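[1] the sequence and its predicted three-dimensional model are supplied below.
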Amino acid sequence: MIATERIDTVWKSHSNDLIGYAVSLCGDRGLALDVVQESFARLIKSQSNDSSLLDEEVVRRWLFRVVRNLIVDQYRRGSRLISTADLGDKSKPMFSRNEVDFDNYIVDRIAVEKVLNLLSFEHRRVIEVVVLDGVSLNDASELLNLPLGTVKSRLFYALKNARNLFAEVA
């Protein structure tokens, strides 16, 4: 069994990062706290079978992987955990739930959200309307109350900026 001092040390060293990571994956602080708590419960159970968990770097990677897997498992069970903040219609998923690889889905979703948040409001809005919502350029022009040429130009530069930002985020 891990000594109380060891758990306290691991908690103090990694809990804030784990909670932040869990919140970024699921968008719900309460659920994130539950997931992080469960990851520490699993650490206590698993450490007796795996002495490598006494190493600080190994335990950190192990905890992050457990948090990620717990959230993926929740998603697979049908819980809606992925934050859709700043992505327009929150009831409409960006990708199909039938994606083969849920792990990549979550990682991609996080990357898309980070990139969109780094774009200017005008660029983010045109990507949301045209790319994410699938609105035609003509309809986007009316919806955004902008000339068609402006919509096309903003979309071009928004996608160009997004590609550059993806290279940095990835």
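    Nice, thanks for sending it over. Numbers count the residues shown, from 1 in each chain.

[2] show me what counts as buried in stretch 152-159.
    For stretch 152-159, a neighbour-count test (16 or more other CB atoms under 10 Å) marks 152, 154-155, 158-159 as buried. Any C-beta I mention is one placed from the backbone N, CA and C, and that applies to glycine too.

[3] mind checking which of the residues you listed land in helices?
    152, 154-155, 158-159 (DSSP state H).

[4] so W62 is in which element?
    W62 belongs to helix 56-76 when assigned by DSSP states H and E.

[5] what packs against that helix?
    Applying 3 or more CB pairs under 8 Å, 6 or more residues apart in numbering; DSSP states H and E, one finds that helix 56-76 contacts helix 4-26, helix 29-46, helix 102-118.

[6] which of the buried residues of stretch 152-159 lies closest to N16?
    N16 lies nearest to A158 out of those, by CB to CB, at 33.5 Å.

[7] from memory that closest one sits against F121, does it?
    No. Applying CB atoms under 8 Å as the test, A158 and F121 come out as separate, 10.7 Å apart.

[8] neighbours of the closest residue to R124 other than its chain neighbours, just the number please.
    Of all residues not flanking R124 in the chain, L116 sits nearest, at 5.1 Å (CB to CB, 6 or more residues apart in numbering). L116 has 21 neighbouring residues, counting by other CB atoms under 10 Å.
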